[in-house]
Every structure is written in structure tokens, then in C-alpha cells.
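S.K.: Would you be able to build a 3D model of this:
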Amino acid sequence: MIILIIIIAIIVSIVYTAILWRYQRPRVWEWLHSFIATVLSVLLGVATAFWVYNAQQRNSDQDEKQKYNFLIQQELSGLRDILKHGEPTTLTCSSSKYHPLITFLQVPILELAAQSGHFSNTDTANLLRIATKVKTYNIEIQFLIAAINSPTNDVARIEYVTRNMETTRKAILNDIDFQSKRMGITLIDIEIKS
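M.R.: Numbering: from 1, shown residues only. Below you'll find the model as predicted:
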């Protein structure tokens with residue numbers, strides 16, 4: 001559409017210049033001077049508008065990335081705090097005792113940040129990997145609760161799920177440490193006040 005408008009404008013200016021050349025030759029130079037000044041002014045205005053728009057877009061993207069970095073710092077710090085310092089439950093089955101950390105976790109910021117497009121492919125994949133492991137941990141909790149509530153009191157299943165939960169918990173903690181270092185995020189100790 002824009003190309004068509006430009007082509008029409010060029011054709012009209014050539015036809016108008018030819019008419020002036022034929023019927024009012026002394027005014028041709030005045031017309032060409034006005035035409036060139038107008039074209040240059042429009043081009044300069046459009047170029048300036050694009051430059052301002054791109055500069056504002058870059059600033060907006062940087063501000064949004066800083067916001068996500070802060071939110072990721074808070075979410076990873078909170079997640080690490082819960083997984084490291086959360087109080088585990090003691091389960092006694094037959095003669096064995098198990099100490100799983102039963103707490104449901106959510107990481108919506110990691111998923112939003114990964115989808116934002118402000119981070120590298122590797123950082124995006126790592127953030128999504130942490131989110132997936134958190135979902136896996138939540139599923140393992142559901143399996144554990146189902147095993148605990150089972151009328152057969154399946155000790156082998158409770159032991160199996162508890163081991164998997166601990167493996168997943170450690171994997172999440174390792175991924176949090178790795179990704180926070182990779183992104184240059186300093187994790188903080190979060191103190192929850194009531």
C-alpha cells in the first residue's frame with residue numbers, strides 16, 4: 001500500500017514538472033526547490049519518528065526485563081527458602097520413618113518471564129525447566145497423599161514417592177542456584193512476617 005502511494009506521488013510529480021516545463025518554464029526551478037524541500041522534510045520527520053519509537057521501545061524492554069529480573073529474584077529466593085528451610089512432615093509407616101516436605105509450590109513468574117521474550121533461549125529453557133520440576137514435585141505430593149490415604153497403607157509406595165520427592169527437591173535447588181548465577185541474580189533470604 002505504501003509503495004503504491006509512493007509510486008503515485010512520483011508519477012504525479014513527474015507529470016506536474018513536465019507540465020510546468022512546457023507551459024511555465026521559469027517556475028520549474030521554484031517548483032523543484034519546494035518539492036525537494038518537502039520531500040527532505042518528510043523523510044527527516046519519518047526518520048526521527050522511527051528513531052524515537054525505537055529508543056522508547058528499547059527503554060520499555062529494558063524496564064520490563066529489570067522488572068522480571070526483580071520478580072524472578074523474589075520467586076527463586078522464596079522457592080529456595082521453602083525447599084531448604086521448610087519444616088518436613090514425619091510419617092511413620094510400620095517401623096520406618098519418612099520426612100517429606102509436603103507443600104504445594106507455584107512459580108507463575110518463572111513461566112511469565114520465560115514467555116516474555118526478554119531472555120535468551122538458554123535462560124528461557126532453564127526457567128521453564130525449573131517450573132516443570134516444581135509441577136513434578138506437586139504431582140509427587142499428590143501421589144504421596146494418595147499412598148498415605150490408601151487403605152492398604154502401601155509402605156513401598158510411600159518410600160518410593162518420598163525418595164522421588166527428595167530427588168526432585170534437590171534438583172530444583174540445584175537448578176535455582178545454577179540459574180540465579182547464570183542470570184547474575186543474587187538470591188536473598190526471605191523472612192515471612194505474619
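
S.K.: domains of the protein?
M.R.: The chain breaks down by automatic domain parsing into domains covering 2-52, 62-183.

S.K.: what's near enough to touch K65?
M.R.: The contact partners of K65, by Cβ atoms under 8 Å, 6 or more residues apart in numbering, come to 116, 118-119. Bear in mind the C-beta positions are built from the backbone N, C-alpha and C, glycine included.

S.K.: one more time with 10 Å, if that's ok
M.R.: 113, 116-119 (Cβ atoms under 10 Å, 6 or more residues apart in numbering).

S.K.: Secondary structure for the residues you listed - can I get that in a markdown table?
M.R.: Shown next, in a markdown table, are the contacts of K65 (DSSP: H, G, I helix; E, B strand; the rest coil):
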| residue | secondary structure |
| --- | --- |
| A113 | helix |
| S116 | helix |
| G117 | coil |
| H118 | coil |
| F119 | coil |
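
S.K.: Could you pick out the buried ones from the residues you listed?
M.R.: 113, 118-119 (16 or more other Cβ atoms under 10 Å).

S.K.: gap between whatever helix or strand T48 lives in and the chain center?
M.R.: T48 belongs to helix 28-85 when assigned by DSSP states H and E. Relative to the chain's own centre, helix 28-85 is displaced by 17 Å; criterion: Cα atoms, centre = their mean, to the nearest Å.

S.K.: same deal with stretch 137-154?
M.R.: Averaging C-alpha positions (Cα atoms, centre = their mean) puts stretch 137-154 34 Å from its chain's average.

S.K.: Stretch 26-33 too?
M.R.: 56 Å.

S.K.: If we go by neighbour counts, what in stretch 131-140 is buried?
M.R.: Under the neighbour-count rule (16+ other Cβ under 10 Å), stretch 131-140 has 131, 133-134, 136-137, 140 buried.

S.K.: Mind checking which of those are in helices?
M.R.: Residues of the buried residues of stretch 131-140 located in helices (DSSP state H): 131, 133-134, 136-137, 140.

S.K.: Save the residues you listed as JSON lines, and put in distance to Y53 and pLDDT too.
M.R.: As requested, those are arranged in JSON lines below (distance: Cβ to Cβ, whole Å; pLDDT from 0 to 100):
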{"residue": "A131", "distance to Y53": "34", "pLDDT": "96"}
{"residue": "K133", "distance to Y53": "40", "pLDDT": "96"}
{"residue": "V134", "distance to Y53": "39", "pLDDT": "96"}
{"residue": "T136", "distance to Y53": "43", "pLDDT": "96"}
{"residue": "Y137", "distance to Y53": "44", "pLDDT": "96"}
{"residue": "E140", "distance to Y53": "49", "pLDDT": "95"}
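
S.K.: Mind putting the buried ones among the contacts of K65 into a markdown table with pLDDT?
M.R.: Listed next are the buried ones among the contacts of K65 as a markdown table, based on pLDDT from 0 to 100:
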| residue | pLDDT |
| --- | --- |
| A113 | 93 |
| H118 | 90 |
| F119 | 92 |
